[in-house]
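Undergrad: Model the following, please.
(4 chains)
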There are 2 protein chains.
Amino acid sequence: MPAAARDYEPVAMVTIRDVAKKSGFSPTTVSIVLSNAPLARYIPAETKQRIEKVAKRLGYRPNSFARALRSRRSHAVGVMVFDMTDPYCTLILRGIESSLYQASYLPILTDVHNERSRFERYLEMLLDRRVEALIVLANWLFLDINLLADLEKSRIPTVMIGRELRAEAISSVVVDNELGARTALDHLYSLGHRKIAFIRGPKMLTDSAPRWKGIRSFAHSAGLELDAELIVDLPESPQALSSFEAGYQLTEELLLRKRPFTALLAFDDMTAFGAIRALSKAGIRVPEQCSVIGFDDVGPAALYTPSLTTVRQPMEAMGSMGVSVILDGINRALEKKEFDTVHHKLAPELVVRESTRAQQ
Amino acid sequence: MPAAARDYEPVAMVTIRDVAKKSGFSPTTVSIVLSNAPLARYIPAETKQRIEKVAKRLGYRPNSFARALRSRRSHAVGVMVFDMTDPYCTLILRGIESSLYQASYLPILTDVHNERSRFERYLEMLLDRRVEALIVLANWLFLDINLLADLEKSRIPTVMIGRELRAEAISSVVVDNELGARTALDHLYSLGHRKIAFIRGPKMLTDSAPRWKGIRSFAHSAGLELDAELIVDLPESPQALSSFEAGYQLTEELLLRKRPFTALLAFDDMTAFGAIRALSKAGIRVPEQCSVIGFDDVGPAALYTPSLTTVRQPMEAMGSMGVSVILDGINRALEKKEFDTVHHKLAPELVVRESTRAQQ
DNA sequence: TCCCGAAGTTCGATTTAAATG
DNA sequence: GCATTTAAATCGAACTTCGGG
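TA: Numbering: from 1, shown residues only, chains lettered A, B, ... in the order given. A predicted model of the protein is given here:
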C-alpha cells in the first residue's frame, strides 16, 4: 500500500486485543474488566488497575458497533417530531435531551415535516438502527389511526408527548388541558372580565375538547354566561393555515360581529399572537382595551410586546417524563417483563404577564 | 385476524442466512445481491429477483450494527448545537435534517447547553458512535481555542455553521455579515432616517466586527454621520444577560441620554425585541415614532406586533450547505483523498415588514 | 466450592479467495 | 479464461464453558 494512502488511515483503532497483548492478559479478562461485567467481582484489584492503565495509555475506546451487535443494545432512542419549526417543540426537546444525556442515551432526531411518507421512512430507519425506544412529539398533526398502528407494530417502548391517547396501547404524557383552560378563564374572570371571546381548537385535536370542557365547567360554576357569538373555531386543516394566521383572521371576524368583548381566550399562544395583531390593527390596544391570554407558553410569549399572559405547559418536565416512561419500558423489556402503557397528565401553570389586565 | 397477523410474523430477527436458506443460495450471494455490491454485475437477473422476492417475503432488514462493524460506516453524522432554545437554531436544523434525509444519513443531535463539560462528553460519545462527520452550530458561545482543537483532533469532516472561522482547519458556512449590516443601514437610510441608534454585538463574537464594518462603510459612502452617543454595545458575557434583556436595558440607556433618534439598528432580532419593548414602555410607538430593524429573521420576527423588519440569514440554505460540505468531505475520505476545508459565505436578504417606516 | 483466567463461540453482514461447470 | 456461486475469514466485543489452583 502506498505511503500516502496509508497516511490517512487514522491512528489504527486500538482494540480489546491490543490492550490484552500489552497488558499480558487475555481479551476475555480485558473485556470483563473494562465493561465491568458481573464476573469482574472475581478479578483482583491489581489486575483491574493494570488493565485500565494500559487501556487508558493506548487510548482504547470500545467499538460501539461490535458491542451493540453482540449485546443487541444501541443505547439510542428515536425521537420523532412532526414539525421542528413549531416553537412548542423546543423546550420539550430540551427536556428529552437532558434526561437522555443523564442516562447516557443518545437521541436520533427526525423531523417528519407533517408528511406521512417521511414518517414511514424515518420510522423504518430508526427501527433499522435498533433504537431501544421511541419518543413521538405530536403537535399539530392529524393523528391518523394508521400512524398509531405503525408505531404499535414497532414493539418497542413508545411514548407520545403532547397528545391525549387514553385508548391506545402507547404511553402518553400530556398537560392537564381541562385544568389549564379552567385556570385561564378563572384568571380573566377574577380580573373582572365578563364579556369574553373564545378561539377554540379544531375538533380533530384531542386537546380541544378537554380545554373547552374546562371552560364550560368554570363558566358554569361561576355563573358566567358564554355568548355563542363570541366563540369561533380554528379550522380543521392545519396545513391550510397556521394557527397564527387563523388567529388573526378569526379575530377580525369577531370584531366584525360588533359584539363587544373585553378579553379573549385563545386556543394557544400562536393563536393569541395572531389575535393581538388583529386587535392592534383595529386600533384596539392590548391589554388596555382588551386582555388576551394564550396557552402553552412558547418561547416567544415572553418576548412579545406586550408579553403574553398564558397557561404554561411544563414542557421540559413533559420531555423528562417521556424519557422516564420509555426508560422504564426498556428496563422492563430487559427483564423480559411486559411493559405496560402509562398515561401521565401534568399540571399546567398560569403565567401572568402584561397582556391581561383588570377590567374596570 | 389471520391476515393481519401474518403481516409481522417475525418475532425472531430474520438474517441473511434465513434468506439464503429459503432462496436456495448462499449467504454470500444474498449479501452481494441485496447490498448491490460490485460483484452483482455477474449475477443473472433471475437470481437477483428470486433473492429479492424471498427477502421481501420474509421481511428481511439488514442489521445495521453488523453492517457498520464490517464496513466501518455508520451513516450517521453528529450535530452539535450550543443552545437548542435559541430560535436561531431551528431553521438551520431543519436545513440540515432535510439534506441529511435526502442522503440517507441520520443525525445524532446533541445540545451542549453552552457547557464545556457537555461539549466534551458529547464529542466523545459521537466519536464513539463513529459518526462520519460533525456539524457544529455555534451561536452564542465563546469559541474557545481548545474546543476548536478538540474538534480538529476528531479527524473527521467538520463544519461550523454560523461563525466565521477563516483561519482554522475547520470548514465554515456563514452569512455575509458585512453585506447584511450594510443592507440594513441602507434600508433605514433610504427611508429617510438620519439619526440612527446602534446596538452593536459583543467583540468576542466574530460576527460583530464585519457587521460594524458594513455599517461604517455604508455610512461613509452615503455621507452619514455616526453619532457616538447613539452607539451601545451588547455585553461580552452572554451568560449574564440574554440579548433580549440586554437590548431592553441598552435601549433604556439610550433613551436616558436624551439624544433623539428616529431609528434603531439592532445587532440581532432578539436585541430588537428587547429594544421594542423598551421603546414601547417609554411610550414611543414603533414604527410611528421610531423604526427598528433586526438581524437573522428568527421565527418570532414574523409573529411580532409590529412584525419585524430584519436581515434574513438564509438559514435553511446554510444548513443544507453545511451538509453538502461534510458529504463532500466524507466522499473524499472514502477515496483516501485529503479533504480540505472550505469557507462559504451566503448572501443575506432584507425582509421589510412593519417595524420600519419612512421618516417624514 | 470459590477464585482467577483463557479458549472458543457468537452476533450478522461483508469480502476475499477459490471452486464449479 | 469466463460467468456464476460459495466456503471461509473477518470486523470487535461479549458470553459460555472450562481448567487448574
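Undergrad: CA atoms for contacts and neighbours, from now on please.
TA: OK.
Undergrad: continuing past the helix ranked longest in chain A, what's the next helix or strand?
TA: Using DSSP state H to define each element, chain A has its longest helix at helix A:315-334. Of the helices and strands lying after helix A:315-334 in sequence (DSSP states H and E), the nearest is strand A:343-346.
Undergrad: could you point out which element follows that following strand?
TA: strand A:349-351.
Undergrad: which stretch of helix or strand covers residue A:189?
TA: Secondary structure (DSSP H and E) places residue A:189 in helix A:177-190.
Undergrad: Following the chain onward from that helix, which element is next?
TA: strand A:196-200.
Undergrad: where does chain A come near DNA strand C, residue by residue?
TA: Contact residues, chain A versus DNA strand C (C-alpha under 7 Å from any atom of the strand): A:24-29, A:41-44, A:47, A:66, A:69-70.
Undergrad: So which of those residues reach DNA strand D?
TA: A:27-28, A:66, A:69-70.
Undergrad: What ranges does the stretch 51-200 of chain A have for its strands?
TA: A:76-81, A:106-111, A:134-137, A:158-161, A:171-175, A:196-200 (DSSP state E, counting those that start in this stretch).
Undergrad: Give me the helices and strands touching the fifth one, please.
TA: Yep, that's strand A:171-175 we're talking about. Packing contacts for strand A:171-175, counted by 3 or more C-alpha pairs under 8 Å, 6 or more residues apart in numbering or on different chains; DSSP states H and E, involve strand A:158-161, helix A:315-334, strand A:343-346.
Undergrad: Residues contacting the last one, please?
TA: What it means is strand A:343-346. For strand A:343-346, the surrounding residues in contact (C-alpha atoms under 8 Å, 6 or more residues apart in numbering or on different chains) are A:165-166, A:171-176, A:314, A:318.
Undergrad: related to what we said a few turns ago, which among the ones next to DNA strand D among the residues of chain A next to DNA strand C gets closest to residue B:130?
TA: Using C-alpha to C-alpha, residue A:66 is the member of these that lies nearest residue B:130, at 11.7 Å.
Undergrad: and the gap between the nearest residue to the closest one once chain neighbours are set aside and residue B:145?
TA: Distance criterion C-alpha to C-alpha, 6 or more residues apart in numbering or on different chains; nearest residue to residue A:66, sequence neighbours excluded, is residue B:69 at 6.0 Å. According to C-alpha to C-alpha, to the nearest Å, residue B:69 stands 34 Å off from residue B:145.
Undergrad: More neighbours: which of those two?
TA: Each of residue B:69 and residue B:145 has its neighbours counted (other C-alpha atoms under 10 Å in any protein chain shown); residue B:69 has more, 17 against 10.
Undergrad: Distance check, the more buried one against residue B:77.
TA: From residue B:69 to residue B:77 the distance is 16 Å (C-alpha to C-alpha).
Undergrad: What residues does the residue in the stretch 101-250 of chain A that chain B sits nearest to make contact with?
TA: Chain B sits closest to residue A:108 of the stretch 101-250 of chain A, with a gap of 4.8 Å, by C-alpha to the nearest C-alpha. Applying C-alpha under 8 Å, 6+ apart to residue A:108 gives the contacts A:76-79, A:126, B:106-109.
Undergrad: which one of the residues you listed sits closest to DNA strand C?
TA: residue A:126 (15.3 Å; C-alpha to the nearest atom of the strand).
Undergrad: Now that closest one. Nearest residue, chain neighbours left out?
TA: residue A:78 (6.1 Å).
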